[in-house]
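Chemist: Sequence first, then the predicted structure:
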Amino acid sequence: MNPLDRSRKDGADRSSKYQVLDPSLLGRPVHLLPKFARRFADALGTAMGGPGGRRYWGAYRLANLSFERAPDDAALRWLAVPGPLGTAAVAFERSLLLGLLEGRYGRKNKAPGASAPRDPSAERVTATEERLAATLTAQLVEGLNARVAEGLHAVGVDVPGADAAVVEAPTPASAPGKAGWVIRITLSALGAEGEQLSQCWIGLDQELMAHVLQGLKEERNSVRTARAGNDGLSSGLFVKLEGRLVSKEVTLGALFEMKVGDVIPVSVGRADVLLDESRLFTAAVAEHKGKLCLTSFEDAE
């Protein structure tokens, strides 16, 4: 192996060994999201295994539940449910919905996966399938909202209507953005050909995700207290932010024709706040004692 190949291999090994830091997650207790996922998984697994849950979920049982980035699949159909804590959108694999319908309305004692593989794209979407998707969406969102409200209550945050057990009717929605958070739920069922895995996703808008993280505040503070004095980062992490006030695109010809004294018209709106060229926030531009300042920070979409 020549030195160039060896250096490339070493670089690949290091990149796979260490997780790349995402600047948009700085300052947020995202490392505690697996704890929320476990609490939600425990409640969802219990609900699915109960008499009411078996009526809709059939032979499927919860195999895994985790937070991840939104899937890039244009074939998924999303149903959104707004609420006092934010909006959640749910999407199901069609194979999951068809398997549930087959197990419920097919031959008696016929388990999902017992027949030959079906092509979901060749199956017509029926009103029964749409009603099942809406019912399961409402169940998942209701369970999610209950866990979020539970976390907020634990840290003393009161959101009016957060404890409401009834959710609004699901409506069709667009897919979450690629940078959005979703909860991926993996379900399993035993059939004639062995274990069959299917998935569904719950997308959380910024408001709902903020309430999830807010409910983890107490756990984050307890972790910081336990690590105080033992962690070099406990005193703070300093980063350099850059503010981009205005930007304007001009053609190369117009650029070469500019002369001293020419005026370039621009409009000052909300400024972009960047960390190493990554756009983290937007901010309003204000004046304070003769200096320009940034205020009213909001997360960049």
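Modeler: Happy to help now that I have it.
Chemist: Tell me how far the residue nearest the centre of the chain lies from residue 93.
Modeler: Closest to where the C-alpha atoms of the chain average out (CA atoms, centre = their mean) is residue 181, at 1.0 Å. Using CB to CB, to the nearest Å, we find residue 181 at a distance of 19 Å from residue 93. (Glycine included, C-beta is placed from N, CA and C.)
Chemist: What is the burial count for residue 256?
Modeler: Other residues near residue 256 come to 7 when the count uses other CB atoms under 10 Å.
Chemist: what do you get for the one 10 residues further on?
Modeler: Using other CB under 10 Å, the number of residues around residue 266 comes to 10.
Chemist: Check the secondary structure at the nearest residue in space to it that is not next to it in sequence for me.
Modeler: Setting aside the residues directly before and after it, residue 266 is nearest to residue 246 in space (CB to CB, 6 or more residues apart in numbering), at 4.7 Å. Classification of residue 246 using DSSP: H, G, I helix; E, B strand; the rest coil returns coil.
Chemist: Distance check, residue 246 against residue 283.
Modeler: Relative to residue 283, residue 246 is positioned 13 Å away (CB to CB).
Chemist: which of the two has more neighbours?
Modeler: residue 283 (20 against 12).
Chemist: any idea how far the closest residue to the more buried one other than its chain neighbours is from residue 90?
Modeler: In space, residue 283 comes closest to residue 294 once its chain neighbours are excluded; the distance is 3.9 Å by CB to CB, 6+ apart. From residue 294 across to residue 90, the span is 37 Å (CB to CB).
Chemist: who's more crowded, these two?
Modeler: The neighbour count for residue 294 versus residue 90, taken as other CB under 10 Å, is higher for residue 90 (28 against 18).
Chemist: check contacts around the residue nearest to residue 266.
Modeler: Counting by CB atoms under 8 Å, 6 or more residues apart in numbering, residue 246 touches 266, 267, 268.
Chemist: number of nearby residues for residue 260?
Modeler: A count of nearby residues for residue 260, using other CB under 10 Å, gives 4.
Chemist: Assign a three-state SS to it, would you?
Modeler: Secondary structure assignment for residue 260 (three-state DSSP): coil.
Chemist: Can you give me the pLDDT of it?
Modeler: We have a pLDDT of 90 for residue 260.
Chemist: before we move on, what about residue 115?
Modeler: Residue 115 is assigned 51 on the pLDDT scale.
Chemist: Same question for residue 71.
Modeler: Looking at residue 71, its pLDDT is 89.
Chemist: which SS class is it?
Modeler: Under three-state DSSP, residue 71 falls in the coil class.
Chemist: That one reaches residue 183, doesn't it?
Modeler: No: with contact defined as CB atoms under 8 Å, residue 71 does not reach residue 183; the gap is 11.5 Å.
Chemist: Could you verify that residue 177 is part of a strand?
Modeler: No: secondary structure of residue 177 (three-state DSSP): coil, not part of a strand.
Chemist: give the contact list for residue 97.
Modeler: By CB under 8 Å, 6+ apart, the contact list for residue 97 reads 129, 132, 133.
Chemist: Just want the phi and psi numbers for residue 285.
Modeler: Here is the backbone geometry of residue 285 (degrees, to the nearest 10): phi -90, psi 130.
Chemist: Against residue 57, how distant is residue 51?
Modeler: From residue 51 to residue 57 the distance is 11 Å (CB to CB).
Chemist: ugh, wrong one, residue 99
Modeler: For residue 99, the distance to residue 57 (CB to CB) stands at 10 Å.
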